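Trainee: requesting a structural model of the entry that follows:
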Amino acid sequence: MRQRAELRQRQKQEFNARFMSAVRLLQMPAPQLAEEIREVLDSNPMLEEVEPQQLSTSCPNIVSASHGDSSEFDSDQYLEYAAFTRQSLTLKEHLKNQLYASGLPQHQYFIADAVISSIDERGYLVEPVEDIADYLSKAKPVSEGDVERVLNVIQGFDPAGVAARNLQECLLLQLHLSESAAMVTAREIVERCLDELSRMEISRIADHLCCSLPEVEDAVELIRSLNPLPGNDYGTSAEIIIPDLIVSRAGAQWHVELNDEVLPKLRISKTFCSILEQKPDSDSVRFLKQNLGRANAFLHDLSQRHQTILRVAQEIVRRQQPFFKFGAQCLRPLTLREIAEALDLHESTVSRACSGKYIMTPDSTFEVKNLFSYRIRNRFGRDESTTSIKYRLRQVVKQENPRSPLSDRQITENLRSIGMEISRRTVAKYRSELRIPTQRQRKAIAMSKMENEVIWCKYQ
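Mentor: Predicted coordinates for the structure are as follows:
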């Protein structure tokens, strides 16, 4: 009786360990899983990696990441397709790279680092020089003049106009590098007639500077060629997102498959299997047998992970065909429970299969969770997804008059006019989730842009 109880306890412990291992693999996104596979390969001699040229259908023990239909993407096309990669340097990284080659004295590096950290994504210095000096003085004495000298060095970095404190300084920094014959007049316009230029009062500028109209027009043309937002050509983050799933179009339908380019292909080692067959029972053989059991369990769990994720993804894509054809406004309401019931899976299993996973389409790459959305019944009796409502909310704000932005109540009335029964509180919540500023903030931003940046972008 005691032996039977111990056996049941051991079996239960082994089952729980296997279950937890399978759950952990299911939840891992592709990059994390690839690391896990490498660690298992290093620790288990009974597993070996298969090189791509060794792959064939005659190797049944090979576990690949793909179990779907063949896709239009081969490996070369995949790499060329880029899998949603953001590898470009950020502006701050670009500036720091130049800093190390600038010849700036070592003891001024900490000042330069503080200045670069105070530059926003547009390329402007957003902290006053005196504030930077005060902050650094807590560690060691730093004067405003020290910060100003370092700032002058950084303002000579690429891109031209970087680290300016306002639009006028940004343009002057760029004009300083110009060799155009109109440069002198352009500098005078920026220094003395910026307001008139924003209103394109060419005749008044000419009178004010005692210049001819052709001279002013040439200078204005030069100013139009400048970049009022020098940081916009650089990314805000340097990251690589590797998709777990790839969606491709086949005729009128969309199909999904697992991305098997980033995962090593595994199989049981034939070399060590032959040792097991030839050698008598010994410590080394027992060690290999234990690892063989672990290897088979790992390959089984890996295969189950692939099949579960693929099944879930195929059902999601099947239900969201309109989204892939027409975009976010056609995303259908969909919940984890609906997918779980359709596939006879537990809701938590579907959640783990989608958690942290990215899906790549011909247009973009995004998290699988973005394909789920709660339903809201519209005035016509049809279900609307929260995503499609957010899309329309964004469109309403995008089309508003910047000088007179809509209030949340006006947005609510606008959405109700097209059949969306939604409250003002919900609109405020969705607007916040979309990171759309309030009515007052949007008006202030619009006015600021009209005074500084938008005029220049308009006439480039």
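Trainee: please determine how far Leu95 is located from Tyr124.
Mentor: 13 Å (CB to CB, to the nearest Å). C-beta: built from backbone N, CA, C; applies to glycine.
Trainee: for Val397, that is, sorry about that
Mentor: 25 Å.
Trainee: tell me which of those two has more neighbours.
Mentor: Of the pair Val397 and Tyr124, Tyr124 is the one with more neighbours under other CB atoms under 10 Å, namely 23 against 18.
Trainee: which strand residues bridge the more buried one?
Mentor: Following DSSP bridges, Tyr124 is listed with bridge partners Ala164.
Trainee: count of neighbours near Glu257?
Mentor: Applying other CB under 10 Å, we find 20 residues neighbouring Glu257.
Trainee: name the element it belongs to?
Mentor: Assessed by DSSP states H and E, Glu257 sits inside strand 253-258.
Trainee: what is the neighbour count of Glu121?
Mentor: 15.
Trainee: that one reaches Leu91, doesn't it?
Mentor: Yes. Contact criterion CB atoms under 8 Å: Glu121 and Leu91 qualify, at 6.6 Å.
Trainee: shared neighbours of those two, anything?
Mentor: Taking CB atoms under 8 Å, 6 or more residues apart in numbering as the contact rule, Glu121 and Leu91 both touch 231, 234.
Trainee: show me the domain layout of the protein.
Mentor: 26-47+61-75+243-365, 91-224, 374-458 (automatic domain parsing).
Trainee: nearest to Tyr234, of the ones you listed?
Mentor: With CB to CB as the measure, domain 91-224 is the member of the domains of the chain nearest Tyr234 (3.9 Å).
Trainee: chain center to that closest one: distance?
Mentor: For domain 91-224, the separation from the chain centroid amounts to 30 Å (computed by CA atoms, centre = their mean, to the nearest Å).
Trainee: buried residues, stretch 276-295. List them.
Mentor: Buried residues in stretch 276-295, counted by 16 or more other CB atoms under 10 Å: 288, 291-292, 294-295.
Trainee: these: which two are farthest apart?
Mentor: Top of the distance list for those (CB to CB): Leu288 and Arg294, 10.6 Å.
Trainee: could you dump the domains of the chain to JSON lines with mean pLDDT and distance to Tyr234?
Mentor: Shown next, in JSON lines, are those (pLDDT from 0 to 100; distance: least, CB to CB, whole Å):
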{"stretch": "domain 26-47+61-75+243-365", "mean pLDDT": "82", "distance to Tyr234": "20"}
{"stretch": "domain 91-224", "mean pLDDT": "86", "distance to Tyr234": "4"}
{"stretch": "domain 374-458", "mean pLDDT": "74", "distance to Tyr234": "17"}
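Trainee: format these as TSV; extra columns: distance to Asp233.
Mentor: Formatted as TSV, the domains of the chain follow (distance: least, CB to CB, whole Å):
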stretch	distance to Asp233
domain 26-47+61-75+243-365	21
domain 91-224	7
domain 374-458	14
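Trainee: intersection of neighbour lists for Leu288 and Arg294?
Mentor: Met46.
Trainee: next SSE after the lengthiest helix in the chain?
Mentor: Ranked by residue count and defined by DSSP state H, the top helix of the chain is helix 283-319. Heading C-terminal from helix 283-319, the first helix or strand you meet, by DSSP H and E, is helix 321-326.
Trainee: gap between the following helix or strand past that following helix and the chain center?
Mentor: Next along the chain after helix 321-326, taking DSSP H and E as the criterion, comes helix 336-343. Relative to its parent chain, helix 336-343 has a centroid offset of 28 Å by CA atoms, centre = their mean.
Trainee: residues of helix 336-343 that come out buried?
Mentor: 336, 338-340, 343.
Trainee: identify the residues contacting it?
Mentor: Residues outside helix 336-343 that contact it (CB under 8 Å, 6+ apart): 311-312, 315-316, 319, 345-347, 349-351, 354, 372.
Trainee: now neighbour count and distance to Arg187 too, for those, in JSON lines please.
Mentor: Formatted as JSON lines, the contacts of helix 336-343 follow (neighbours: other CB atoms under 10 Å; distance: CB to CB, whole Å):
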{"residue": "Arg311", "neighbour count": "17", "distance to Arg187": "66"}
{"residue": "Val312", "neighbour count": "27", "distance to Arg187": "62"}
{"residue": "Glu315", "neighbour count": "19", "distance to Arg187": "64"}
{"residue": "Ile316", "neighbour count": "24", "distance to Arg187": "58"}
{"residue": "Arg319", "neighbour count": "16", "distance to Arg187": "61"}
{"residue": "Leu345", "neighbour count": "18", "distance to Arg187": "68"}
{"residue": "His346", "neighbour count": "11", "distance to Arg187": "70"}
{"residue": "Glu347", "neighbour count": "14", "distance to Arg187": "66"}
{"residue": "Thr349", "neighbour count": "18", "distance to Arg187": "66"}
{"residue": "Val350", "neighbour count": "26", "distance to Arg187": "63"}
{"residue": "Ser351", "neighbour count": "18", "distance to Arg187": "61"}
{"residue": "Cys354", "neighbour count": "24", "distance to Arg187": "57"}
{"residue": "Phe372", "neighbour count": "22", "distance to Arg187": "56"}
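Trainee: what's the farthest-apart pair in these?
Mentor: Farthest pair in the contacts of helix 336-343, by CB to CB: Arg319 and His346, 18.9 Å.
Trainee: residues contacting stretch 303-323, please?
Mentor: 22, 25-26, 28, 33, 63-68, 244-245, 247, 253-258, 324, 330-332, 334, 338-339, 342-343, 345, 349-350, 353-354, 357, 359, 368, 371-372.
Trainee: switch the cut-off to 7 Å
Mentor: Residues from elsewhere that reach stretch 303-323 (CB atoms under 7 Å, 6 or more residues apart in numbering): 22, 25-26, 63, 65, 67-68, 244-245, 247, 254, 256, 258, 330-332, 334, 339, 342-343, 349-350, 353-354, 357, 371.
Trainee: which positions within the helix or strand that contains Arg187 qualify as buried?
Mentor: Applying DSSP H and E as the criterion places Arg187 in helix 183-192. The neighbour-count check on helix 183-192 (16+ other CB under 10 Å) flags 185-190 as buried.
Trainee: dump the residues you listed into CSV; add distance to Leu229 as well.
Mentor: Putting the buried residues of helix 183-192 into CSV (distance: CB to CB, whole Å) gives the following:
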residue, distance to Leu229
Thr185, 24
Ala186, 18
Arg187, 20
Glu188, 23
Ile189, 20
Val190, 16
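Trainee: which of those sits closest to Asp131?
Mentor: Taking CB to CB as the measure, Asp131 lies nearest Val190 of these, at 25.8 Å.
Trainee: could you report the neighbour count for Arg332?
Mentor: The burial count for Arg332: 17, using other CB under 10 Å.
Trainee: give me the phi and psi angles of it.
Mentor: Dihedral pair for Arg332: phi -80, psi 150, per degrees, to the nearest 10.
Trainee: and Met360, by the same measure?
Mentor: Backbone torsions for Met360, taken as degrees, to the nearest 10, come to phi -110, psi 130.
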